[in-house]
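Engineer: I'll drop the sequence and a predicted model, then ask my questions.
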Amino acid sequence: MDILEILTDDRPMAENALHEQRLTEHGLSIYFEKDGFRWLMDTGLTGNFAKNAASSGIDISQVDHLVLSHNHNDHTGGMETFLQNNSKALIHLSEWIRNSTCLSLRETIKTDIGLDRKLIQQYASRFVWHPSANIQLTDHVWLLADIPDTYPLPRANANLLWKYNGEEAPDPFKHEMALLINEGAANTVISSCTHRGILNTLEAANSVSKKPVSAFLGGTHLRDGFETEEEILNITSRIIEKHPQMHLYTGHCSGEQTLMVLKRFLPGHVTLFHSGFRTSI
């Protein structure tokens, strides 16, 4: 079995695991190995992902593929650290990012939260720009860049804008991408923040694999105070209907009250991850 580790997340390890403590931050970075390659999805908010990787014996310089899930700095903020320590990885990102940036709106104040454009200019040859299409990257790893909007997007997107070709608008998150690891009976989706919604992301996986998803790993963007309990119940009902054996591994951008509801509706099928969490895929 191949390994997967959460390099950095909002949540720390349990207090009794002092010998394995990892740095935490509001951000997410996920490392895994598949098809003989080393993969990284996102770099968190800072370079902490690299320090945590070193604590786990993971050599960032040997990563072959870095996938940027979307254009928010809590997922791309460690890019400079990555590029300083890795000279070979292909960096996959959405074509929609080329002419856009992202903004956060808080009490009428707009803040640019997009990735550092200077890095794109400085390391231009490292970036692979993907259109809105689902493509196979290796034998068992698919890039999901065509995520539909069949179901409503998370309400917590309300304070997030983008500026595309100079025009500001609510962010449709066309720039968000996920990964599907499709191997035998196992069918794992990795989706860092899931601004397009977990049901829509699962639909994208189904369009490729034509079989139920067995594991979903990432944030759900179901933050506290947005979706009602009834709406979360509707989401879980759809998951149970279409993916009855799916296990949800989540943390970053999933609210505490939301997690309680998910655990109640999906008993035994929800695991909370943290910085340093490791599983097999």
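Structural biologist: Looks like it arrived, so ask away. Residues are numbered from 1 along each chain as shown.

Engineer: quick one: the strands in the stretch 1-150 of the chain?
Structural biologist: Under the criterion DSSP state E, counting those that start in this stretch, the stretch 1-150 of the chain contains strands at 3-8, 29-34, 37-41, 65-67, 90-94, 100-106, 109-112, 127-130, 135-136, 141-144.

Engineer: reformat those as TSV; add distance to residue 258.
Structural biologist: To be clear about C-beta, it is placed using only N, CA and C from the backbone, and glycine gets the same treatment. Listed next are the strands of the stretch 1-150 of the chain as TSV, based on distance: least, CB to CB, whole Å:
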stretch	distance to residue 258
strand 3-8	18
strand 29-34	20
strand 37-41	22
strand 65-67	25
strand 90-94	26
strand 100-106	20
strand 109-112	24
strand 127-130	30
strand 135-136	32
strand 141-144	23
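
Engineer: out of those, nearest to residue 156?
Structural biologist: Ranking those by proximity to residue 156 (CB to CB) places strand 100-106 first, at 11.5 Å.

Engineer: packing partners of the closest one?
Structural biologist: Applying 3 or more CB pairs under 8 Å, 6 or more residues apart in numbering; DSSP states H and E, one finds that strand 100-106 makes contact with strand 109-112, strand 160-164.

Engineer: output the longest one in PDB with nothing but the alpha carbons.
Structural biologist: Going back to what we said before, that points to strand 160-164. C-alpha atoms of strand 160-164 as PDB (Å, rounded to 0.1, in the frame of the first residue of the first chain):
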ATOM      1  CA  LEU A 160     -15.000  35.100  -1.600                       C
ATOM      2  CA  LEU A 161     -14.500  37.000  -4.900                       C
ATOM      3  CA  TRP A 162     -12.300  36.700  -7.900                       C
ATOM      4  CA  LYS A 163     -11.100  39.300 -10.400                       C
ATOM      5  CA  TYR A 164     -11.000  37.700 -13.900                       C
END
